[in-house]
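> sequence and predicted structure are below.
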Amino acid sequence: MERFGVKATPSHNRSKTALYVTPQDRVTEFGSELHEEGGKLFCTSCNMVLNHVRKSAISDHLKSKTHTKRKAEFEEQSVRKKPRTLTASLQCNSAAQTEKISVIQDFVKMCLEANIPLEKADHPSVRAFLSRHVKNGSSIPQSDQLRKTYLPDGYENENQVLSTEDC
C-alpha cells in the first residue's frame, strides 16, 4: 500500500487489547463468576487465572464446556470458598498461629526465670511431656531456634519491664 502512496489508517495498526482495564473492572462487568485478588482475575468456580485485558478470552472461558461443568460442581457444594493466592494465605495470621507463638514465648520465659538451660528442651522425655500434656507443646522448636528467634524477644520484653519499674 505504501508503494501506491496510500497509508493504512491508524485503526488497522492498533491492537485490540484494552489498555487500561483492571481486574476489578472485569469483576464488576461479569459479576459473581469472577473475583480479583492480588491484581489477578480468577474464575471462582474453576480456580484459574484469566487474562483480564482481553474481554473475548473471558467470554470464551465462561462459555466453555469445562467452565459450565465446574460451575455446576461448584454450585452443588454447600460451602463456597474463594480460592486465595499464596501470598494472601501466608499473610493470614490465625488464632492457632498466635497461640503457638504465645506458648513458645511463655516456655522460654519459664526456662529463663527457673534457670533451666534451653538445651533441656531437646531431651526426648521433655519433648514427650510437652507434646502429651501441653496444648501446642509439640510445636516448641529445638533449643537453637529458641535461642536465635525467641530469646531476643524475651530479653527485650524484660528490659522494657525493668525500665518501667525504675521510673
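Structure's in. What do you need?

> just the strands in this structure please.
34-37, 40-43, 48-50 (DSSP state E).

> how about those, which one is nearest residue 100?
Residue 100 lies closest, by CB to CB, to one member of the strands of the chain: strand 34-37, at 26.2 Å. Just so you know, the C-beta spots here come from the backbone N, C-alpha and C atoms, and that holds for glycine as well.

> what lines up beside that closest one in the sheet?
strand 40-43 (antiparallel) (DSSP bridges).

> mind listing what's buried in the strand it pairs with?
Neighbour counts using 16 or more other CB atoms under 10 Å place 41, 42, 43 of strand 40-43 among the buried residues.

> which of these lies closest to residue 118?
Nearest to residue 118 among the buried residues of strand 40-43, counting by CB to CB, is residue 42 at 44.9 Å.

> ok, what's across the strand from that closest one?
With DSSP bridges as the rule, residue 42 is bridged to residue 35, residue 49.

> surely it is in contact with residue 32?
No - Residue 42 is beyond contact range of residue 32, at 12.0 Å (criterion: CB atoms under 8 Å).

> elements contacting the lengthiest helix in the chain?
Assignment by DSSP state H gives helix 95-113 as the longest helix of the chain. If contacts are counted by 3 or more CB pairs under 8 Å, 6 or more residues apart in numbering; DSSP states H and E, helix 95-113 sits against helix 151-166.

> burial measure for residue 104, as a count.
Each residue near residue 104 was counted by other CB atoms under 10 Å, and the total is 20.

> and for residue 102?
So residue 102, with other CB under 10 Å, has 11 neighbours.

> cool, and the one 5 residues further on?
When neighbours are defined as other CB under 10 Å, residue 107 has 22 of them.

> measure it to residue 72 for me?
To residue 72, residue 107 is 50 Å away according to CB to CB, to the nearest Å.

> with residue 49 instead?
Here residue 49 is placed at a distance of 21 Å from residue 72 (CB to CB).

> these two: which is more packed in?
When residue 49 and residue 72 are compared for neighbours, residue 49 comes out ahead with 15 against 10, by other CB under 10 Å.
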